[in-house]
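Novice: Any chance you can model this:
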Amino acid sequence: MTTPKAPRKPPVRLRFGMRISVGNDDVIGPGKIALLEAIRTHGSISTAAKNLGMSYRRAWLLLDELNHCLKQPAVHSVKGGQSGGGSGLTPVGEELIRHYRSVETIAPASCAKSIQALLRLVRSDAPAGPAAQPASTAVPPG
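Specialist: Numbering: from 1, shown residues only. Sure, this is the predicted structure:
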């Protein structure tokens, strides 16, 4: 008879997602960068949105917010024509992606010792959220 294997513990990992905020509003973050990259790939806001599982309206609102928060727009649109128009990135949009991805790559490497120390403090069988914590370990509000 074979002994059943114990379930594998999920790995403890770091998810680094930088956001730039103005006041309480996130101006730049992983979702907007992913949308810019999808527009670069597909040449269309509509196709980019579908690819990311969001509505065209949601994508348009995110881009409108982004373009209004930047000194120069990140996306430009081409109207009509034989191919029906489309969208593309401006040099600012390309620069935004390049710098964002650069920080994403460099920051974890620069903070490797602190990140490893933080990860060592986390249980690999940690409960999903505060409701799953035993009352004795819950942090009281305040």
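Novice: Name the residues that touch stretch 87-106?
Specialist: With contacts defined as Cβ atoms under 8 Å, 6 or more residues apart in numbering, stretch 87-106 is touched by 16, 18, 28, 33, 36-37, 39-40, 43-45, 48, 70-78. Glycine gets a C-beta too; all of them are placed from N, C-alpha and C.
Novice: Repeat the analysis, applying 10 Å as the threshold.
Specialist: With contact meaning Cβ atoms under 10 Å, 6 or more residues apart in numbering, stretch 87-106 is reached by 16-18, 20, 28-30, 32-34, 36-37, 39-40, 42-48, 59-60, 63, 66-67, 70-78, 110.
Novice: So which of those belong to strands?
Specialist: Ile20, Ile28, Val75, His76, Ser77, Val78 (DSSP state E).
Novice: What separation do you get for the residue nearest to Ile33 when sequence neighbours are not counted and Arg19?
Specialist: In space, Ile33 comes closest to Tyr100 once its chain neighbours are excluded; the distance is 5.0 Å by Cβ to Cβ, 6 or more residues apart in numbering. Note on Tyr100: its distance to Arg19, by Cβ to Cβ, to the nearest Å, is 10 Å.
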